[in-house]
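1. Based on what follows, work out the 3D shape:
(one chain, ligands or ions: 2)
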Amino acid sequence: MLVVNSSEMKQIDLRAIEIYRIPGIVLMENAAHSVFEEIAKLNPRKVAIVCGPGNNGGDGFAVARLLKTHSYDVDVFFCFDEKKLKGDAKVNYEILKTMDFSIIKDIEYLQNNMINYDLVVDALFGTGLRGEISEESKRIIDVINQGRFILSIDIPSGINSDNGKSIGKCVYADITITFECKKYGHLLGEGREASGAVIVKKISIPKKCMDEQNIKTFSCDDKFPLSIYKRRNFDTNKGDFGKVYIIGGSYNMSGAVILALKAAIKTGSGLVCGVYPESIIDRVATQIPEIINIPCEEKNGFLEIGVDMLNDIINKADVISIGIGMGKGHSLLEMIKYILYKFKGYVVLDADGLNNICEDISLLNEANSKVIITPHPGEMSRLTGLTVDYINSNRVEVAKDFANKYGCVVLLKGSSTVVSNGEETYINTSGNPGMATAGSGDVLTGMITSLLGQGYGLLESGILGSFLHGKAGDEAYKQYGYGLTATDIIENVGKFLKF
Ligand SMILES: NC(=O)C1=CN([C@@H]2O[C@H](COP(=O)(O)OP(=O)(O)OC[C@H]3O[C@@H](n4cnc5c(N)ncnc54)[C@H](OP(=O)(O)O)[C@@H]3O)[C@@H](O)[C@H]2O)[C@H](O)CC1
Ligand SMILES: [K+]
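-> Ligands and ions are numbered 1, 2, ... in the order given. I've put the predicted structure just below:
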């Protein structure tokens, strides 16, 4: 499903109005009808609609009229100077005034009589919200949040529709009705939780008008990522499902590479080879009997793989994952460079793989491998010099720009994972806060490595990997709540790998 930011949506609206000759007031009426339809399903006894000074408020006025003409008991709350109203919102406000309506200015009235309303409609701010919100608007949001059931029009008020950040205070909706397509704010940051269940309604914008905007950002719902996953023929053997090498681990950090190796096996790889310092062989080999162990030379507990061994790996591998628990140092950076230059297959760069290349990021442009990087915002900050706050406020743009600049696929971790190849971008929302636990990222790397080996492309593996990781985490959450561990994620992934 398509996802847009506020300026793309504004552009689509404008083209619908100017080129396709659909008056703005018709779009607003269609938006109001679609909200009305959903409210009718809820069959409320008494509705409060809290309207703001822009077109989101205009939608609210129009919904109030429709409810009233269908004999619902509805009150409108509008706490702003009516001189602020303009355009279609003003038209709908003026219509209301001709009807037998109470437009209540005092939000305290709603607070004091909340018990009488079984539905509060939030039409305070939509995609036009900018900057900080005033104390007065915060107070209105507080009162809306006391509602028994809250329906937000377009986006919960207080959520920035471009990045999902709450700008001071926001409404927490039970459902959000949005128009034509989801906005970034429904999927990212606090907006993901604040939006509740998001329902997308058509408001008669022509498909051609949408297509011409050439939107290439998508949300992952259950159907789409799973439809990538291919059924296996009966007539197969382990050689058909990839030979993957996971290079990582150090004397003081063996757990991470163990988790990645286990995750790769459990995601369906044919052959998984663990390449790690020989001093940790007892720890790794006893944990996973299914893998091929390639213990290597080391210096001070860190890998020192000779050229012959590297060439052997490069010759045999379909996929090489580099970085997990590996540490940082000049010879490790040289090893990464060597692989990126010599190996023409898929490379997954994660954790210390990324921390090492920070020194010389341009090597990504010189790589002959097909690379996916899987940074969390901290790692992305080290790679780009951007602050973590900036990255989290511009997740889609940052992932897309990096992918374009360095010719790789970027999987930017976080509560909603963003995967981009620079042209197409996908936002994944499977998963839960319990997955913010040690080793969770190492599991994701193992899964993506495995999928690449099974024949999925870079972008496909990023999308499918992050989706499956989230789904397995959601299963683990059902059993263990916030006590879930990275191992529990691995144990649950197989549930989604069958037909
Ligand atoms: N196709 C569609 O998606 C349609 C959407 N519609 C609805 O329109 C809104 C967007 O309307 P817009 O008027 O652009 O914006 P808002 O209503 O969200 O907000 C603008 C008003 O809010 C004031 N504002 C902005 N930021 C703040 C703030 N921080 N604190 C207080 N007030 C703020 C702003 O005031 P200014 O002084 O800045 O002008 C405006 O008064 C969209 O979300 C949909 O609900 C249409 O109905 C049709 C189609
Ligand atoms: K709203």
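2. mind listing what the closest residue to residue 182 other than its chain neighbours touches?
-> Closest residue to residue 182 apart from its sequence neighbours, by C-beta to C-beta, 6 or more residues apart in numbering: residue 3 at 4.8 Å. Glycine gets a C-beta too; all of them are placed from N, C-alpha and C. Taking C-beta atoms under 8 Å, 6 or more residues apart in numbering as the criterion, residue 3 is in contact with 181-184, 186-187, 215, 217-219, 427.
3. In three-state terms, how would residue 3 be classified?
-> When classified by DSSP: H, G, I helix; E, B strand; the rest coil, residue 3 comes out as strand.
4. Sort out for me which of the contacts of residue 3 are in helices.
-> 184, 186-187 (DSSP state H).
5. Does anything pack onto the helix or strand hosting residue 7? Which helices or strands?
-> Assigned by DSSP states H and E, residue 7 belongs to helix 6-18. Applying 3 or more C-beta pairs under 8 Å, 6 or more residues apart in numbering; DSSP states H and E, one finds that helix 6-18 contacts helix 24-42, helix 207-212.
6. Please point out which parts of it sit buried.
-> 6, 8-9, 12-13, 15-17 (16 or more other C-beta atoms under 10 Å).
7. So what does the residue in the stretch 1-150 of the chain that ligand 2 sits nearest to look like in phi/psi?
-> With C-beta to the ion as the measure, residue 122 is the residue of the stretch 1-150 of the chain nearest to ligand 2, at 4.6 Å. Residue 122 adopts backbone torsions of phi -100, psi 100, taken as degrees, to the nearest 10.
8. rewinding a little: filter the ones in helices among the contacts of residue 3 down to the buried ones.
-> Buried among the ones in helices among the contacts of residue 3 (16+ other C-beta under 10 Å): 184, 186-187.
9. Could I get the average pLDDT for the lengthiest helix in the chain?
-> Assignment by DSSP H gives helix 458-480 as the longest helix of the chain. The average pLDDT for helix 458-480 rounds to 98.
10. Which strands or helices does it pack on?
-> Taking 3+ C-beta pairs under 8 Å, 6+ apart as the contact cut, helix 458-480 packs with strand 217-220, helix 223-228, strand 370-373, strand 409-412, strand 417-420, strand 425-428, helix 440-453, helix 486-493.
11. Ligand 1 is nearest to which of the ones you listed?
-> strand 217-220 (16.1 Å; C-beta to the nearest ligand atom).
12. Tell me the one among the ones in helices among the contacts of residue 3 nearest to ligand 2.
-> residue 186 (11.7 Å).
13. who's in contact with the closest one?
-> Residue 186 touches 3, 155, 164, 176, 178, 192, 195, 198, counting by C-beta under 8 Å, 6+ apart.
14. Kindly recompute the last result at 7 Å.
-> Counting by C-beta atoms under 7 Å, 6 or more residues apart in numbering, residue 186 touches 155, 176, 178, 192, 195, 198.
15. thinking again about what came up before, return only those of the ones in helices among the contacts of residue 3 found close to ligand 2.
-> Applying C-beta under 5 Å from the ion to the ones in helices among the contacts of residue 3, one finds that nothing falls near ligand 2.
16. what residues does the helix or strand hosting residue 390 touch?
-> If you go by DSSP H and E, residue 390 is part of helix 388-393. Helix 388-393 has contacts (C-beta under 7 Å, 6+ apart) with 163, 165, 189, 377-378, 380-381, 398, 414.
17. Stretch 287-300 too?
-> 258, 261-262, 265, 271-279, 281, 284-285, 303-306, 309.
18. Show the contacting residues for the residue nearest the centre of the chain.
-> In the chain, the residue lying closest to the centroid (C-alpha atoms, centre = their mean) is residue 416, at 2.8 Å. Going by C-beta under 7 Å, 6+ apart, residue 416 touches 187-188, 192, 427-429.
19. what does this structure put close to ligand 1?
-> Taking C-beta under 6 Å from any ligand atom as the measure of proximity, the chain contacts ligand 1 at 9, 13, 27-28, 31, 52-59, 84, 125-134, 137, 153-154, 179-180, 203.
20. Contacting ligand 2 as well, which ones from those residues?
-> residue 153.
21. so of the residues of the chain next to ligand 1, which ones are in helices?
-> Filtering the residues of the chain next to ligand 1 for helices - DSSP H - leaves 9, 13, 27-28, 31, 55-59, 137.
22. Can you name the residue of the stretch 251-400 of the chain nearest to ligand 2?
-> Using C-beta to the ion, residue 393 is the residue of the stretch 251-400 of the chain that sits closest to ligand 2, at 20.2 Å.
23. how far out from the middle of the chain is stretch 492-499?
-> Per C-alpha atoms, centre = their mean, to the nearest Å, the displacement of stretch 492-499 from the mean C-alpha position of its chain is 22 Å.
24. Show me which positions of it end up buried.
-> For stretch 492-499, a neighbour-count test (16+ other C-beta under 10 Å) marks 492-493, 496 as buried.
25. try stretch 356-368
-> In terms of neighbour count (16+ other C-beta under 10 Å), stretch 356-368 has its buried residues at 356-357, 361, 363-364, 367.
26. for stretch 281-293, same thing?
-> By neighbour count on 16+ other C-beta under 10 Å, the buried set for stretch 281-293 is 281, 284, 288, 291.
27. so what pLDDT did the last one get?
-> In this prediction, residue 291 carries a pLDDT score of 96.
28. can you check the first one too?
-> Residue 281 carries a pLDDT value of 95.
29. mind listing what the residue of the stretch 201-350 of the chain found nearest ligand 1 touches?
-> Going by C-beta to the nearest ligand atom, ligand 1 is nearest to residue 203 of the stretch 201-350 of the chain, at 5.6 Å. By C-beta under 7 Å, 6+ apart, the residues touching residue 203 are 27, 30-31, 34, 179-180.
30. which one of these is nearest residue 455?
-> Nearest to residue 455 among these, counting by C-beta to C-beta, is residue 180 at 35.4 Å.
31. distance of the closest one from residue 127?
-> 11 Å (C-beta to C-beta, to the nearest Å).
32. Spit out the residues that contact those two alike.
-> None of the residues lies in contact with both residue 180 and residue 127 under the rule C-beta under 7 Å, 6+ apart.
33. Same drill for the two, tell me which one is more crowded.
-> Counted by other C-beta atoms under 10 Å, residue 180 and residue 127 do not tie: residue 127 has more neighbours, with 25 against 22.
34. dump the residue contacts of that one.
-> 6, 9, 154-155, 161, 183.
35. can you do 6 Å?
-> 6, 9, 161 (C-beta atoms under 6 Å, 6 or more residues apart in numbering).
36. Identify the residues contacting stretch 233-253?
-> 257, 260-261, 264, 269-276, 279-280, 301-302, 313, 317-327, 449, 453-454.
37. Kind regards, and thank you for your time.
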